[in-house]
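Engineer: build me a model:
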Amino acid sequence: MKFEKINGLIVAPFTPFDKQGELNLEPIADYAKMLHNNGLIGVFINGSSGEGYMLTVEERMKLAEKWIAVSPKGFKVIVHVGATCIKDSYKLAQHAQEIGAFGIGAMASPFPKAGRVEELVKYCEEIACGAPNLPFYFYHIPALNGVYLPMLPFLHAADGRIPNLAGIKYTYESLYEYNQCMLYKDGKFDMLHGQDETVLSGLVMGGAQGGISGTGNYIGNVLVGVINEYNAGNIEKARELQNYAQDVINVIARYRGNIVAGKRIMKLLGLDLGINRTPFQNITDAEEAAIRKDLEAIDFFTKCNKH
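Structural biologist: Now for the predicted structure:
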C-alpha cells in the first residue's frame with residue numbers, strides 16, 4: 001500500500017484533565033484551533049506527551065472522537081494505539097479507522113519488552129491489521145520504553161509483511177540510523193523526525209519532510225520556522241530558530257521535562273490543560289512562577305505560539 005507522505009509538523013498534544021485528574025474534553029476545540037493557527041498540520045494523540053499509557057481504553061476513544069470532531073478541515077489526527085495489552089491496541093486501531101482518523105501509530109510496549117526485531121514486527125503487525133486502510137507508523141522512542149532495537153533491520157523485516165506500514169516516528173539521537181532509514185529503497189518509508197533538538201540536523205542530513213513534535217505545543221511556530229527557513233535556503237535564520245528552540249528545551253529540562261513542565265506552560269499561554277496523572281510529580285505554584293521567570297528571560301512570550 002502507498003500512502004501520502006507527511007509534509008510539515010505534527011504536534012503530540014497533552015491530554016486535558018480537570019483538577020481531580022479526570023478527562024476534560026472541553027479545551028480540545030480551542031486547542032486544535034490554536035495549533036492550526038500557528039502552522040501545525042495535525043496531531044499525534046494519546047502518545048507519550050498525551051500520557052496515553054495512563055488512560056483507559058474508553059478515555060482514549062473519547063479523546064480520538066473529540067479531536068476528529070473539532071479539528072479544522074485537513075488537520076491530520078493520528079491516534080497512538082500502543083498498549084501493553086495487544087487486544088486493547090487492536091480495539092483502539094479498529095476504533096480509529098471507524099471514526100475517520102488519518103492514521104495510527106504505536107510505540108513498543110514497555111512491558112513486556114520486545115527483545116528481538118521479530119518480536120517487535122509481530123507486535124506491530126497485530127496492531128496494524130486492526131486498521132488495514134490507515135497508514136501505520138511505528139513510534140521509536142527507546143528512552144521511554146527501553147526498546148533499543150535497530151530500525152533498519154525492522155524496516156527490512158516489516159516491509160511487505162505489514163502492508164499499511166507507512167513509516168517511523170523517529171525519536172532518537174542517531175542521525176546516522178535516521179539517514180539509513182531515509183535511504184531505504186529510495187525513501188520508501190516516511191521518517192517522521194521526533195527529536196525537537198535536532199530538527200535542522202534532520203533536514204540537512206536526512207532530508208526530513210515531516211516531523212512530530214512535543215514542544216511544538218508552545219513553540220510550534222518556531223519549529224515550523226526552522227523548516228520553512230531551511231527550505232527557503234536561509235540556513236543562518238534556520239540555525240537561529242533551532243538554537244532558540246534549544247533555549248526553551250533547556251528551561252523545561254530543569255522542571256521534569258515536556259510532559260510535566262510543557263503542560264504547565266500551556267496554562268501560561270492561556271490554555272489550562274490541568275494536572276498530570278500519577279506517577280508524574282506536578283508543577284507547584286512556586287515552580288510555575290520560576291518557569292515563567294526563566295521563560296521571560298529568553299523572551300519566550302513574544303516568540304511562542306499565539307493563542
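Engineer: burial of the residue lying closest to Leu271 once chain neighbours are set aside, as a residue count?
Structural biologist: Leaving aside its sequence neighbours, Leu271 sits nearest to His307 (Cβ to Cβ, 6 or more residues apart in numbering; 5.7 Å). Backbone N, C-alpha and C define where each C-beta goes, glycine included. Neighbour count of His307, defined by other Cβ atoms under 10 Å: 16.
Engineer: tell me the contacts of His307?
Structural biologist: With contact taken as Cβ atoms under 8 Å, 6 or more residues apart in numbering, His307 is in contact with 34, 269-271.
Engineer: out of those, which is most surrounded?
Structural biologist: Met34 (21 neighbours).
Engineer: and that residue, backbone torsions?
Structural biologist: Backbone dihedrals for Met34, given as degrees, to the nearest 10, come out at phi -60, psi -50.
Engineer: next: the one 10 residues further on.
Structural biologist: Main-chain dihedrals, Phe44, degrees, to the nearest 10: phi -120, psi 100.
Engineer: hang on, isn't it packed against Gly105?
Structural biologist: Yes: using Cβ atoms under 8 Å, Phe44 is in contact with Gly105, at 6.4 Å.
Engineer: give me the element Lys169 is part of.
Structural biologist: For Lys169, the element it lies in under DSSP states H and E is strand 165-170.
Engineer: each with direction, which strands does that strand pair with?
Structural biologist: Take DSSP bridges as the rule and strand 165-170 pairs in its sheet with strand 136-140 (parallel), strand 190-193 (parallel).
Engineer: now do it: everything it contacts.
Structural biologist: Counting by Cβ under 8 Å, 6+ apart, residues outside strand 165-170 touching it are 3, 5, 44, 103, 105, 124, 128, 135-141, 151, 154-155, 158-159, 178, 181, 189-195, 212.
Engineer: anything in contact with each of Phe44 and Gly105?
Structural biologist: Common neighbours of Phe44 and Gly105, counting by Cβ under 8 Å, 6+ apart, are 78, 80, 169.
Engineer: how about the helices in the stretch 1-150 of the chain?
Structural biologist: Secondary structure of the stretch 1-150 of the chain (DSSP state H, counting those that start in this stretch): helices located at 28-37, 57-70, 86-98, 117-128, 142-145.
Engineer: out of the ones you listed, nearest to Ala238?
Structural biologist: With Cβ to Cβ as the criterion, Ala238 lies closest to helix 28-37 of these, at 21.4 Å.
Engineer: quick one, helices of the stretch 201-307 of the chain?
Structural biologist: 216-231, 235-253, 257, 263-268, 285-296, 300-303.
Engineer: give the other helices and strands that the last one contacts.
Structural biologist: Under the contact definition 3 or more Cβ pairs under 8 Å, 6 or more residues apart in numbering; DSSP states H and E, helix 300-303 sits against helix 216-231, helix 235-253.
Engineer: with mean neighbour count, mean pLDDT and distance to Lys185 added, can I get these in JSON lines?
Structural biologist: Shown next, in JSON lines, are the helices and strands packed on helix 300-303 (neighbours: other Cβ atoms under 10 Å; pLDDT from 0 to 100; distance: least, Cβ to Cβ, whole Å):
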{"stretch": "helix 216-231", "mean neighbour count": "23", "mean pLDDT": "97", "distance to Lys185": "24"}
{"stretch": "helix 235-253", "mean neighbour count": "17", "mean pLDDT": "98", "distance to Lys185": "29"}
